[in-house]
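K.L.:
3D model of this:
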Amino acid sequence: MEKKFGLIGLTVSHSFSKNYFDEKFFREGLRDYHYDLYEMKQIKDLKQLLKDNPEMCGLNVTIPYKENVIELLDTIDEAAKKIGAVNVIKIKGRKLYGYNTDSIAFKETLTKWFPKPKKSSAIILGTGGSSKAVQQALLELKINFKVVSRDKKKADYTYEELKVSDGISKCNLVINTTPLGMSPNTTEFPSISYEQLTANHFVYDLIYNPARTQFLQKAEMRGATFKNGLEMLHIQAEKAWAIWNS
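P.N.:
Presented below is the predicted three-dimensional model:
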């Protein structure tokens, strides 16, 4: 029996998820399983997508729908409710169940990579669904953080305020959760004062395509230790697969 899975988002052509699951299905001999990318102009188009694809069993959710997809779900897992964002949907008996695998995947990759000296502190760029997942992981790891947004009401700093403050030089972890620099717009980067970065900084970009964004290249030029989001993608994909099969 055919089973369908996929990714929904405003732009999804940059995603490696299809390749990841296509290879997985091939390796595991799951010939009737298919994973596709579904570009959506608005989140309410999800209803039509499910109507057109009755074989759909699970979806991943990407920018900018991780928060507003919640209103279309029948049930939301406690962890996802706490975070306020969903990146995995399980579809069973026409009911939609929401989960968040971003936070746990980010936490796993961060603890392996970041030595977490005592009194660590972080700057998180962006306030969307991915940012919320990162914030929850840092709360659990007891790492203090400040959030940066273009909108003063949503954050501790605006980008302009961060530039004139010594916020970046005072922290040792900088995390980009925005889509700035993501393929195909690879010349973009967050507007921060990169000259405040040093060899003592750890700089994490959740973007994985391209592998080295302008953001990471600028961090590398300042001697910072840097990481992209590919490992996080793989971990959250496996956790999504476990949810769809549970």
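K.L.:
I'd assumed residue 200 was in contact with residue 219.
P.N.:
No - contact criterion C-beta atoms under 8 Å: residue 219 and residue 200 do not qualify, at 11.9 Å. Every residue, glycine included, has its C-beta placed from N, CA and C.
K.L.:
These two: which has the busier surroundings?
P.N.:
When residue 219 is set against residue 200 and neighbours are counted by other C-beta atoms under 10 Å, the residue ahead is residue 219, at 24 against 12.
K.L.:
so residue 195 makes contact with residue 222?
P.N.:
Yes - counting by C-beta under 8 Å, residue 195 does reach residue 222; the two are 7.4 Å apart.
K.L.:
neighbour-wise, which of these two wins?
P.N.:
Between residue 195 and residue 222, counting by other C-beta under 10 Å, residue 222 is the more crowded of the two (15 against 10).
K.L.:
list the contacts for the more buried one?
P.N.:
194, 195, 197, 198, 199, 201 (C-beta atoms under 8 Å, 6 or more residues apart in numbering).
K.L.:
I'd like to know how many residues surround the first one.
P.N.:
Residue 194 is flanked by 19 other residues according to other C-beta under 10 Å.
K.L.:
One more: the fourth one?
P.N.:
Burial of residue 198 is recorded as 12 neighbouring residues (other C-beta under 10 Å).
K.L.:
mind listing the strands for this protein?
P.N.:
In the chain, the segments counted as strands under DSSP state E are 3-9, 33-39, 56-61, 75-76, 88-92, 95-99, 121-125, 144-149, 157-158, 173-176, 202-205, 225-227.
K.L.:
Output the fifth one as PDB - backbone C-alpha positions only.
P.N.:
Pointing back at strand 88-92 there. C-alpha atoms of strand 88-92 as PDB (Å, rounded to 0.1, in the frame of the first residue of the first chain):
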ATOM      1  CA  VAL A  88       6.300  17.200  12.600                       C
ATOM      2  CA  ILE A  89       2.700  16.100  11.900                       C
ATOM      3  CA  LYS A  90       1.500  12.500  12.200                       C
ATOM      4  CA  ILE A  91      -1.700  11.800  10.200                       C
ATOM      5  CA  LYS A  92      -3.800   8.900  11.500                       C
END
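K.L.:
That strand pairs with which strands, and in what direction?
P.N.:
Neighbouring strands of strand 88-92 in its sheet, by DSSP bridges, are strand 56-61 (antiparallel), strand 95-99 (antiparallel).
K.L.:
Please identify the buried residues of the last one?
P.N.:
The neighbour-count check on strand 95-99 (16 or more other C-beta atoms under 10 Å) flags 96, 97, 98, 99 as buried.
K.L.:
which other residues reach that strand?
P.N.:
Contacts for strand 95-99 (C-beta under 8 Å, 6+ apart): 69-70, 72-77, 79-80, 86-91, 240, 243.
K.L.:
again, only using 6 Å
P.N.:
Strand 95-99 is contacted by residues 73, 74, 75, 76, 77, 80, 86, 88, 89, 90, 243 when judged by C-beta atoms under 6 Å, 6 or more residues apart in numbering.
K.L.:
which of those tops the neighbour count?
P.N.:
Counting neighbours by other C-beta under 10 Å, residue 86 leads those with 30 neighbours.
K.L.:
Verify the stated contact: that one with residue 80.
P.N.:
Yes - between residue 86 and residue 80 there is a contact under C-beta atoms under 6 Å: 5.0 Å.
K.L.:
so what sits against both of the two?
P.N.:
Residues touching both residue 86 and residue 80 (C-beta under 6 Å, 6+ apart): 98, 100.
K.L.:
Give me the domain ranges for this protein.
P.N.:
3-100, 103-231 (automatic domain parsing).
K.L.:
My guess is residue 124 contacts residue 149. True?
P.N.:
No - counting by C-beta under 6 Å, residue 124 sits too far from residue 149 to count as a contact (9.5 Å).
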